[in-house]
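Visitor: Generate coordinates for the sequence data below:
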Amino acid sequence: MIQRLKPLLFSLLGLDPEAVVVVVRSGDPARAEKMASIMRELVPGRRIVDIPLESGDTIDLALRLLRRLRGLRVALMATLCDGTPEGAALRRAAFLASPGKVLAFNSALERQHIRPSEWIASWLFLRGVPRARIFLRPRCLVPRQRERSVLPRQWLPRGGSGFRQGLPRIAIVSPYFPWPRSHGGAVRLEGLLRHASREADIIFFGFEDSQTEADFASTAAICARVYSAAKPRYLEPRWSTILPPEACEFWNPDLDAALRREMSAAGCTLLQAEYTQMARYRPDILVEHDITADLMAQVHRLRPGLSTWWDLWRWRRFERAALRRARRVVVMSEKDRALSGLPGAAVIPNGVDLERFSPAPDPANRRLLFVGSFRHFPNVRAWRFFLEQVWPLLDGIDGIEATVIAGPEPELYYQPARSDPRITQHAYVADVRPHYEQAALVVIPTLESAGTNLKALEAAAMGRAIVSTPSGVAGLGFTHAENVWLAGSPEAFAEAVRRLLLDPALRCGLASSARAHVERFYGWPALAQLQVDLWKEVSR
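Guide: Next up is the predicted model:
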């Protein structure tokens, strides 16, 4: 009966009986199109009213919106809240036109109803907090909440090449696999293990992260045995633990016990842990891919506040204890050895495959290349620094283009406020070499850095000139104006890019010198021998 009366009631009110869905394209056009596609899938068959991005002040746009919707009953107003300045007025107009009906989409296209009854969640979402973190509560305060961390409890066998007679057996536990080579840590693991496995049988324990069977097979080809654990689903609020959240994410006492059982069954007594957060597995050798407390100190200096102080305090406390507990520590550079406070720490730098990354002819174009997985937050900050402060200073260079290799799922970590047709962004690419070949210049605008930078070594090995901040090539022994061009400020960085793009002779001279430098110091076979020698020393 009520359903029959509804058309009559809405006609008396001057409204369309069928409620419509409004799609407000108040942001990046590509994202807005994806949002519209999502809404068409969510409400198939429902009439959708499309509101294009328009300019104007908030009140004027709100009045235009109300006129457009006159006589229509709005069920939802999907509004893109991705932070683009051009869409700010239209976003505010949508809130004024249909308060309580707004379904907000963020830059990652997560969605949240904006309601007064959920004002805290709504405010946090509009502030840019990922939706998964909005409703998290510490376990100690809400032990029975619905969303809880799910941490793996067992290792799954993934094959292996088998044990050989007379070779030492070394166990390695890592938060990442060597394949796919989607970030610097994976590249280092692959390079060292491939060569070190010729003199030792390696039992590898790693955490899954979208690996294919081919990736597991590649690891098994260079390791005697391979085990994987499911990717952790860690949902505790980042601020809520005394230990750094990364140290909690990859730790489970059941995994530790299972790892020790597999080691014992294989007659293996030596455990090496890759990355500081794996120190809870009590390794004999701890590999510090960076001095994480130093990285947190850099972040705190740049953005002082309670959050960054808390991260610094936790990492400093955890890392100092980890360094004291390990029998031996491996660092990436002399600088990191000094920061560790351990004069006896072994320096095994990052390296590069000099055969795979061979020099390519200069392309004689004006294409820049940035390589850095957005999962590692210093890479996001580096790209934002370049895009927001350096790139605008390069507008006067005809034909300038840029390519970004941002690693898996970059949109989860950063999306620019506006797109630029001169910039091409790729997610994970299996082989980055063609992108080096197509670029005239590699930019490394890192603001905070620890460890050493693999992408600088790859660029140099490919015969590409590099413009970098000092931290981008720290610890690698490069010299300004000899084999790299260093620039600290946006203006100096832009001027360096301009100069090298317009001076092919200078560019090619830097590139040639950089290749000679990495040939002398950074080949994987010699570095892997340092690793093998350390295993032998600790095993005595």
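
Visitor: list the contacts for the closest residue to E537 other than its chain neighbours?
Guide: Using CB to CB, 6 or more residues apart in numbering and skipping residues adjacent in sequence, the residue nearest E537 is R328, 7.7 Å away. Backbone N, C-alpha and C define where each C-beta goes, glycine included. Contacts for R328 (CB atoms under 8 Å, 6 or more residues apart in numbering) come out as 284-286, 344-346, 534, 537-538.

Visitor: which one of these has the most neighbours?
Guide: The most crowded member of the contacts of R328 is L286, carrying 27 neighbours; neighbours defined as other CB atoms under 10 Å.

Visitor: mind giving me the domain ranges of this protein?
Guide: Using automatic domain parsing, the domain parsing of the chain gives 9-134, 156-351+527-539, 367-522.

Visitor: In CSV: these, plus distance to S358.
Guide: As requested, the domains of the chain are exported to CSV (distance: least, CB to CB, whole Å):
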stretch, distance to S358
domain 9-134, 36
domain 156-351+527-539, 15
domain 367-522, 7
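
Visitor: rank the ones you listed by pLDDT, which is bottom?
Guide: Sorting the domains of the chain by mean pLDDT places domain 9-134 lowest, at a mean of 86.

Visitor: Quick check: what element follows the lengthiest helix in the chain along the chain?
Guide: Longest helix in the chain, counting residues (DSSP state H): helix 306-325. Using DSSP states H and E, the next helix or strand after helix 306-325 towards the C-terminus is strand 328-331.

Visitor: got the CA positions of that following strand in CSV?
Guide: The C-alpha trace of strand 328-331 is given here as CSV (Å, rounded to 0.1, in the frame of the first residue of the first chain):
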residue,chain,number,x,y,z
ARG,A,328,77.3,-9.5,14.1
VAL,A,329,75.7,-6.6,12.3
VAL,A,330,75.9,-5.7,8.6
VAL,A,331,75.5,-2.1,7.4
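
Visitor: ok, back up a step: look up the residues forming beta bridges with the residue nearest to E537.
Guide: I285 (DSSP bridges).

Visitor: what's the spacing between it and A266?
Guide: 21 Å (CB to CB, to the nearest Å).

Visitor: Ok, A494 next?
Guide: Distance of A494 to A266, computed by CB to CB: 55 Å.

Visitor: Check D50 too.
Guide: D50 is 62 Å from A266, by CB to CB.

Visitor: Report the contact partners of the one residue sitting closest to the centre of the chain.
Guide: The residue lying closest to the centre of the chain (CA atoms, centre = their mean) is R375, at 1.0 Å. For R375, the contact set (CB under 8 Å, 6+ apart) comprises 183, 407-409, 413.

Visitor: do the same with I120
Guide: Applying CB under 8 Å, 6+ apart, no residues qualify as near I120.

Visitor: what about A257, which helix or strand?
Guide: helix 253-265.

Visitor: What strands line up against the next helix or strand after that helix, and which way round?
Guide: As assigned by DSSP H and E, the chain's next helix or strand after helix 253-265 is strand 270-274. If you go by DSSP bridges, strand 270-274 pairs up with strand 169-174 (parallel), strand 285-287 (parallel).

Visitor: Spell out the residue ranges of the strands in the stretch 51-200 of the chain.
Guide: With DSSP state E, counting those that start in this stretch applied, the stretch 51-200 of the chain shows strands at 74-80, 102-105, 111-113, 156-157, 169-174, listed in chain order.

Visitor: Columns mean neighbour count and distance to Q425 on top of those, output as a markdown table?
Guide: Formatted as a markdown table, the strands of the stretch 51-200 of the chain follow (neighbours: other CB atoms under 10 Å; distance: least, CB to CB, whole Å):
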| stretch | mean neighbour count | distance to Q425 |
| --- | --- | --- |
| strand 74-80 | 23 | 19 |
| strand 102-105 | 23 | 20 |
| strand 111-113 | 18 | 23 |
| strand 156-157 | 12 | 34 |
| strand 169-174 | 24 | 28 |
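
Visitor: No further questions, thank you.
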